[in-house]
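Undergrad: sequence plus predicted model, see below.
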Amino acid sequence: MPKPPSKPDPSREQKAARIVSNPSAYKVCEGCDSIVGAGAALCPNCHSFRFDVTAERVVKQAHFLGSREQNSVTAEDIS
């Protein structure tokens with residue numbers, strides 16, 4: 001029997017809300033769709049250097065990521 005979809009971690013929703021309230025402080029990695037701080041030169045997850053800095057894209061991605069469980073491997077998962 002398939003496992004029912006679980007709810008996202010509330011902390012993901014909180015992080016998304018913080019990002020949505022100040023999208024200019026973030027950007028979306030064009031390599032892996034992660035959201036990183038505006039000052040990042042490289043994505044900490046995939047090491048890409050291409051980013052979308054538009055507020056519309058940041059907000060859209062924050063809503064998407066905040067509404068689902070994490071399914072990517074991050075640098076913290078490896079260390």
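TA: On my side now, so go ahead.

Undergrad: quick check, residue 29 in contact with residue 36.
TA: Yes. Using Cβ atoms under 8 Å, residue 29 makes contact with residue 36 at a distance of 6.0 Å. Backbone N, C-alpha and C define where each C-beta goes, glycine included.

Undergrad: what's the overlap in contacts for those two?
TA: Taking Cβ atoms under 8 Å, 6 or more residues apart in numbering as the criterion, residue 29 and residue 36 both touch 43, 51.

Undergrad: low-confidence ranges, this protein, go.
TA: 1-10, 68, 70-79 (pLDDT under 70).

Undergrad: hey, where'd the strands end up in it?
TA: Using DSSP state E, the strands found in the chain span residues 26-29, 35-37, 51-52.

Undergrad: residues contacting residue 41?
TA: By Cβ under 8 Å, 6+ apart, the residues touching residue 41 are residue 49.

Undergrad: from residue 55, how far off is it?
TA: Note on residue 41: its distance to residue 55, by Cβ to Cβ, to the nearest Å, is 20 Å.

Undergrad: next one: residue 22
TA: Residue 22 sits 10 Å away from residue 55, going by Cβ to Cβ.

Undergrad: and if you look at residue 20?
TA: Counting by Cβ to Cβ - residue 20 and residue 55 are separated by 9 Å.

Undergrad: more crowded one of the two?
TA: residue 20 (17 against 13; other Cβ atoms under 10 Å).

Undergrad: can I assume that one is in contact with residue 60?
TA: No. At 9.6 Å, residue 20 and residue 60 do not qualify as touching, with contact defined as Cβ under 8 Å.
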